[in-house]
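*Asks:* Let me see the structure of the following:
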Amino acid sequence: MNTHKLWWVFICLFSFFIIQCSTSKSLPLEIAGKWTTDSQAYKGEYIEISSQSITFGSETAGSFTYTIKKVKEEKGHLHNSTTYRIFCSDESGVENLFTLIYMPDDNGTLRQKSSQDTVWKRTQS
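*Replies:* Numbering: from 1, shown residues only. Okay, the predicted model is just below:
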């Protein structure tokens, strides 16, 4: 393979990687809103997402809000899904990483990578 062809293969592979994984400083509006689940393990809990923050809350125990610093978005492994790696910090500056899997089907569902059996659905306001 000559150098010219090798160069084009490299450019194509690099472009494919860039398209598959992008970085921004905010979450897309398609996952904004308040999310709840029917799971008994998370009864009364919610996730509230805006472009600049993510809040994990409970009707009885209060809430924790994190400021989003960076978001890495990539095509997910599940059918038609997108994985969001959310780098954020709490009020005291402690950095955290949350990974959410978003599927647009049926008005959208969210799953936390650490607890994929729990399906979160957007509440209608």
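*Asks:* Can you name the residues bridging to the residue most central in space within the chain?
*Replies:* In the chain, the residue lying closest to the centroid (C-alpha atoms, centre = their mean) is Tyr84, at 2.8 Å. When bridges are called by DSSP bridges, Tyr84 pairs up with Glu73, Leu100.
*Asks:* Likewise for Phe56?
*Replies:* Ile47, Phe64.
*Asks:* From Glu95, how far out is it?
*Replies:* Here the criterion is C-beta to C-beta, to the nearest Å. By it, Phe56 lies 16 Å from Glu95. No exception for glycine: its C-beta is placed from N, CA and C like everyone else's.
*Asks:* Ok, Val119 next?
*Replies:* For Val119, the distance to Glu95 - C-beta to C-beta - is 27 Å.
*Asks:* same thing with Phe64?
*Replies:* On the measure of C-beta to C-beta, Phe64 and Glu95 end up 14 Å apart.
*Asks:* Compare the two (neighbour count), which wins?
*Replies:* Phe64 (13 against 10; other C-beta atoms under 10 Å).
*Asks:* which ones are touching that one?
*Replies:* Shown in contact with Phe64 (C-beta atoms under 8 Å, 6 or more residues apart in numbering): Thr55, Phe56, Gly57, Asp90.
*Asks:* What remains of those if I keep only buried residues?
*Replies:* For the contacts of Phe64, a burial check counting by 16 or more other C-beta atoms under 10 Å picks out Gly57.
*Asks:* quick one: the helices in this protein?
*Replies:* Using DSSP state H, the helices of the chain run over residues 3-20.
*Asks:* For Tyr66, see how far away the nearest residue to Glu48 once chain neighbours are set aside is.
*Replies:* Nearest residue to Glu48, sequence neighbours excluded (C-beta to C-beta, 6 or more residues apart in numbering): Thr55, at 4.3 Å. When C-beta to C-beta is the yardstick, Thr55 and Tyr66 sit 7 Å from each other.
*Asks:* Show me the shaky parts of this structure.
*Replies:* Along the chain, the model assigns pLDDT under 70 to residues 1-25, 125.
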